[in-house]
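> Dropping a prediction and its sequence here:
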Amino acid sequence: MTILLVDDQPQILLIASMALEFAGGFEVLTAGSATHGVAMALEHRPDLIVLDVMMPEVDGIAACRQIRANPDLAGTPVVFMTARVGEADIATYYAEGAVGVIPKPFDPRTLGDELRALKAKADAL
Amino acid sequence: MTRLDVIATELSDPAAAGRIAPASLLHVITEAQLAIIQGRDAHASFQDLLHNLLRATDCPFGFISEVLHDSDGAPYMRTVALSNLAWDSEHNAWLERDDLSGLAFQDLDPVVGTVLRTHAPVIVNEVAIEPRSEGAPTGWPVIEKFLGLPVFSEGALVGCIGLANRPDAFDARTAADLQPIVTTCGVMILIERTRRSQQSAERRERDFVSILSHELRTPMTLIRGSLGLISRLPEDSVSPKARDLLEYANEGTRRIVRVLDDLVAVASIDGGRLQLKRGACRLADVVDAAVCDQGQAAEKAGVSLESEPMPSVVLELDEDRIAQIISQLLSNAITVSEPGATVRIGSTVTAETVSIHIDDDGPGISPADQHQIFQRFRQLEAPETRRYEGSGIGLYIARELAQRHGGEISVESKLGEGSRFTLGLPRTGGPENCS
């Protein structure tokens, strides 16, 4: 399964990539900004996009809207992986069409299983 | 320009007609005091007060305003109630522009401004104040007679009542007759200020908790992520001692994450943003989920979990939240239990309620402490002598969640004899008291 991780913090991209490498069965793509992330999604058509929310210039919510509005990407499930996990925040992510939310700090030992479960949930919808 | 005929309480004609009937005054005061006692919405209370005041005085127009101070200390007025002077859409749009926060008048008309400058009543019976000089819509009538009354509370000028265009002239006795109402209005303004100040303090606290939680989560991602990845390295690349230390660090991060989650829950509860996701669920499944969640902790503490068979009951609940409550109660029971002890979970079902009991043989809680354990950030022991870990918000969250389901958590306990915590839930679903 191809996963595109979008986060402006390179350390978090590294940790999440390594976690998925340990989990096995993932091809991981990374982007350091929302704009780069949307471009990479168009180019590589990942199976799942994992978006950070708080990013400079274009944030994760705006990126999610761009993905939803693009006919080539509208079917790609989006997961928010974020430190903003208040009740109202989470309601917003689902309202924007996210298939799931992974709160930071995520557990690298279970990240792979969580993403597989969310992909299965998206496929079942 | 307007001409100020009379300021303060002296009048050229003391026999001027127009005393206010005591019964009318009493009605105005009674209604206002009732609003205070019942804790009615401030906006509606001030509007009602103004409405009753206009009726009692036969005045077609009036306002009640709060006196505030700008950053330079200069006083200005913000209306808390204003009569509709024009009854048209332009007027309404003008009022709604500032919504319930009221209209601020900083560039005060000389007549109205006199109340703020002199702290004394203003009585004017021959003027022609052009209201549009204040930016008011067309359609507002010219003010011909005006009574401005300063409102004091605890010795400070806190408000101003303005009445206009009474058929009879205003005089010193009108002002004197209205004094009890002015005093009541001062109390209302003071109560509203206290409420605003409390709300502001609570909002700052919520924001702080929210920011703290968010700011800690990002660095915690790096710590938890790195530790988790090192734990997964091949056996021979990490020494057994280092692996033990890693396990301690992992356990520490797990606890911090739990506290961060609790802080977010508290911020959501206190901010009224908590939303329940109700659905039909089997009670037995919810209890199983909680028992499963606490299984590892019990094993680690050497405590046995003994669960009675649960009745076959289906309830309209937020399954995750109820499991969270039971999990919290189990966690507490495990924490206070000695190794080798047993924590028991059972239930009682009646026609109206379902109760889930969690019993432990721990040290018990004194009657005085039983009243405190559900308060936020309340730990029964001082930090330096505390035997049990925890942030002191778990039971607060659990009880809030139970209450949002129309239920309650209660405790029965005796020192030295253990405790029983009971989660009681209505079988009919109960009200969802949250936004």
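Happy to help now that I have it.
> What strand or helix carries the residue nearest to A:Pro103 when sequence neighbours are not counted?
Leaving aside its sequence neighbours, A:Pro103 sits nearest to A:Val85 (CB to CB, 6 or more residues apart in numbering or on different chains; 4.3 Å). Every C-beta, even on glycine, is put in place using the N, C-alpha and C of the backbone. A:Val85 is located outside every helix and strand, with elements delineated by DSSP states H and E.
> List the buried residues for the helix or strand bottoming out on mean pLDDT in chain A?
The element with the least model confidence among the helices and strands of chain A, by mean pLDDT, DSSP states H and E, is helix A:87-95, at a mean of 90. Under the neighbour-count criterion of 16 or more other CB atoms under 10 Å in any protein chain shown, helix A:87-95 has A:Glu87, A:Asp89, A:Ile90, A:Thr92, A:Tyr93 buried.
> Equivalent analysis for stretch A:97-117, please.
Burial within stretch A:97-117, assessed by neighbour count using 16+ other CB under 10 Å, is assigned to A:98-109, A:111-112, A:114-116.
> From those residues, which land in helices?
A:Leu111, A:Gly112, A:Glu114, A:Leu115, A:Arg116 (DSSP state H).
> with the residues you listed in mind, which one is nearest to chain B?
Proximity of those to chain B, judged by CB to the nearest CB, is greatest for A:Leu111, which lies at 8.7 Å.
> quick one: secondary structure of the nearest residue to that closest one once chain neighbours are set aside?
Once flanking residues are discounted, A:Leu111 sits nearest to A:Ala19: 4.5 Å by CB to CB, 6+ apart. For A:Ala19, the assignment made with DSSP: H, G, I helix; E, B strand; the rest coil gives helix.
> how about A:Ala19, what does it touch?
By CB atoms under 8 Å, 6 or more residues apart in numbering or on different chains, A:Ala19 lies in contact with A:Phe106, A:Pro108, A:Arg109, A:Leu111, A:Gly112, B:Gly225, B:Gly228, B:Leu229.
> What separation do you get for B:Gly271 and chain A?
Computed with CB to the nearest CB, to the nearest Å, the distance linking B:Gly271 and chain A is 8 Å.
> no, scratch that, I was asking about B:Lys414
38 Å.
> With B:Leu34 instead?
36 Å.
> swap in B:Met310?
27 Å.
> mind checking pLDDT for that residue?
Here, the pLDDT recorded for B:Met310 equals 89.
> And for it, the neighbour number?
19 (other CB atoms under 10 Å in any protein chain shown).
> Contact residues of chain A facing chain B?
If contacts are counted using CB under 8 Å from any CB of the partner chain, the residues of chain A sitting beside chain B are A:9, A:11-12, A:15-16, A:18-19, A:22, A:83-88, A:91, A:103-109.
> What are the boundaries of the strands in the chain?
Went with chain A since none was named. The residue ranges that make up the strands of chain A, judged by DSSP state E, are A:2-6, A:27-31, A:48-51, A:78-82, A:100-103.
> could you do chain B instead?
So, for chain B - with DSSP E - the strands run B:6-7, B:61-69, B:75-82, B:104-105, B:122-124, B:146-153, B:156-164, B:279-282, B:304-307, B:314-317, B:342-349, B:353-360, B:408-413, B:419-426.
> Quick one, which of these gets closest to B:Gln179.
When the strands of chain B are ranked by distance to B:Gln179, counting by CB to CB, first place goes to strand B:146-153 at 8.2 Å.
> Strand B:61-69 and the closest one, what's the angle between them?
Angle, strand B:146-153 to strand B:61-69, by axes from the mean of the first three to the mean of the last three CA atoms, to 10 degrees: 40 degrees.
> Any idea how far strand B:146-153 is from the middle of the chain?
Average the C-alpha atoms of strand B:146-153, do the same for its chain, and the two points are 31 Å apart (CA atoms, centre = their mean, to the nearest Å).
> pLDDT score for residue 41?
No chain in the question, so chain A it is. The score at A:Ala41 is 97. That number is its pLDDT.
> You answered for a different chain; I wanted chain B.
Here the pLDDT value assigned to B:Asp41 is 84.
> Relative to chain A, how far out is it?
Separation of B:Asp41 from chain A (CB to the nearest CB): 24 Å.
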